[in-house]
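Trainee: Got a predicted model here, sequence first, then my questions.
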Amino acid sequence: MNVFRRVMLASITALSAATLGLTAPAAHAAHAAEPLDYVALGDSYSAGSGVLPVDLSSPLCLRSLANYPHVIASRTGAQLTDVTCGAAQTKHFTEAQYPGVPPQVAALDADTELVTLTIGGNDNGTFINALTACGTAGLLSGGQGSPCKDKHGSTFEDQIEQNTYPALKAALRSLRAKAPGARVAALGYPWIMPATPDPSCFAKLPVASGDVAYLRGIQAHLNAVVERAARETGAVFVDFAQVSEGHDACKPLGTRWIEPLLFGTNLVPVHPNALGESRMAQHTLGTLGLG
């Protein structure tokens with residue numbers, strides 16, 4: 001009788017194991033087939049402003065259907081909710097940017113699995129003010145000296161440290177509160193200026209030779225506070241300092257990721273072109289281990 005029971009128990013155990021062996025992969029396959037719940041937040045670098053084709057569902061946001069969130073979604077099969085919007089500031093994570101354009105974190109919920117963003121460049125008008133100031137000063141100086149640095153000194157970097165950094169942390173925390181289980185990737189901004197002055201670029205990006213390093217320093221500081229805020233809020237920082245080197249706005253079409261201020265091909269200057277958006281997606285996927 002004991003032998004019989006042992007045989008029966010062994011048979012039942014073997015059958016159960018065989019059944020599990022058949023059903024577990026099927027269950028896993030069914031789960032794996034579910035698309036990643038992906039929400040894209042951020043400003044014009046996320047929106048791909050100026051890159052065709054335009055997403056007509058939100059015309060005010062100048063959002064492209066070829067922006068890096070769409071590239072990421074197409075390569076991963078993710079289910080994308082794209083609420084990126086040109087000119088967005090960190091405050092627009094929790095405040096409406098335009099009528100009919102709700103706070104960006106409203107797109108998040110507890111089921112969100114992946115979030116990407118670029119944000120911070122529009123706070124204090126950092127990008128537009130610095131580029132306008134330095135471009136104007138460069139034209140007036142004929143490209144000589146460092147007139148922008150001489151006039152503005154540490155003003156832009158002080159604003160980044162004092163205002164943008166705490167605003168970034170607050171924005172990332174508001175995101176985390178809405179999507180506590182999501183993996184969050186905060187992207188840095190690819191280089192706009194070359195590493196050294198390029199006299200041949202002055203017609204396209206009229207910045208004085210001595211202000212090239214000055215503008216690079218402002219952008220490097222912005223990226224540094226994005227990295228710091230990301231680290232302190234549990235997000236992954238996607239660093240473009242190395243991979244975007246040599247792809248600045250002074251490089252020829254087909255090499256550059258960022259369009260110049262003048263004589264570029266984008267509808268919106270000093271922003272990523274289609275190649276730049278694609279490369280931003282590629283590096284983000286690599287950083288996250290998804291590509």
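Mentor: That came in fine, so what should we check first?
Trainee: Would you double-check that residue 158 falls in a strand?
Mentor: No. Checked against DSSP: H, G, I helix; E, B strand; the rest coil, residue 158 lies outside a strand; its state is helix.
Trainee: Nearest spatial neighbour of residue 236, chain-adjacent residues omitted?
Mentor: residue 185 (4.9 Å; Cβ to Cβ, 6 or more residues apart in numbering). Quick note: C-beta positions are derived from backbone N, CA and C, even for glycine.
Trainee: Not counting the strand or helix carrying the one you found itself, show me its contacts.
Mentor: Using DSSP states H and E, residue 185 falls within strand 183-187. For strand 183-187, contacts defined as Cβ atoms under 8 Å, 6 or more residues apart in numbering pick out 42, 45-46, 68, 113-119, 172, 175-176, 226-227, 229-230, 233-238, 240, 280, 284, 287-288.
Trainee: What's the ChimeraX syntax to select whichever of those residues are buried?
Mentor: Buried members of the contacts of strand 183-187, identified by 16 or more other Cβ atoms under 10 Å, are gathered into one ChimeraX selection as follows:
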select :42,45,46,68,113,114,115,116,117,118,119,172,175,176,226,227,229,230,233,235,236,237,238,240,280,284,287,288
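Trainee: Keep only those of the contacts of strand 183-187 that are in helices.
Mentor: When DSSP state H defines the helices, the subset of the contacts of strand 183-187 inside them is 45-46, 68, 172, 175-176, 226-227, 229-230, 280, 284, 287-288.
Trainee: so where's the stretch 1-150 of the chain shaky on pLDDT?
Mentor: Residues of the stretch 1-150 of the chain meeting the criterion pLDDT under 70: 1-33.
Trainee: Please name the residues that touch the nearest residue to residue 196 once chain neighbours are set aside.
Mentor: Nearest non-adjacent residue to residue 196, counting by Cβ to Cβ, 6+ apart: residue 212, 7.0 Å away. Residue 212 sits next to 193, 194, 196, 197, 198 when contact means Cβ under 8 Å, 6+ apart.
Trainee: what angle separates the strand or helix carrying residue 212 from strand 183-187?
Mentor: Assessed by DSSP H and E, residue 212 sits inside helix 212-232. Between the axes of helix 212-232 and strand 183-187, defined by axes from the mean of the first three to the mean of the last three Cα atoms, to 10 degrees, the angle is 170 degrees.
Trainee: Could you pull up the mean pLDDT of helix 212-232?
Mentor: Mean pLDDT, helix 212-232: 98.
Trainee: What about the residue nearest to residue 157 when sequence neighbours are not counted, how many residues nearby?
Mentor: Using Cβ to Cβ, 6+ apart and skipping the chain neighbours, the partner closest in space to residue 157 is residue 221 (4.8 Å). Neighbour count for residue 221, taken as other Cβ atoms under 10 Å: 20.
Trainee: circling back: state the pLDDT value of the residue nearest to residue 236.
Mentor: Reported pLDDT for residue 185: 98.
Trainee: Count the residues that sit near the spatially closest residue to residue 71 that is not a sequence neighbour.
Mentor: Once flanking residues are discounted, residue 71 sits nearest to residue 281: 3.6 Å by Cβ to Cβ, 6+ apart. Number of residues near residue 281 (other Cβ under 10 Å) recorded here: 24.
Trainee: Would you confirm that residue 281 contacts residue 73?
Mentor: No. Residue 281 is not in contact with residue 73 according to Cβ atoms under 8 Å; the separation is 9.1 Å.
Trainee: wouldn't residue 36 be in contact with residue 114 here?
Mentor: Yes. Residue 36 lies in contact with residue 114 (Cβ under 8 Å); the separation is 5.6 Å.
Trainee: Return every residue with contacts to both of those two.
Mentor: Common neighbours of residue 36 and residue 114 (Cβ under 8 Å, 6+ apart) are residue 78.
Trainee: sorry, back to before: ok now the strand holding residue 185, how far from the chain's centre?
Mentor: Centroid displacement of strand 183-187 relative to its chain, using Cα atoms, centre = their mean, to the nearest Å, is 8 Å.
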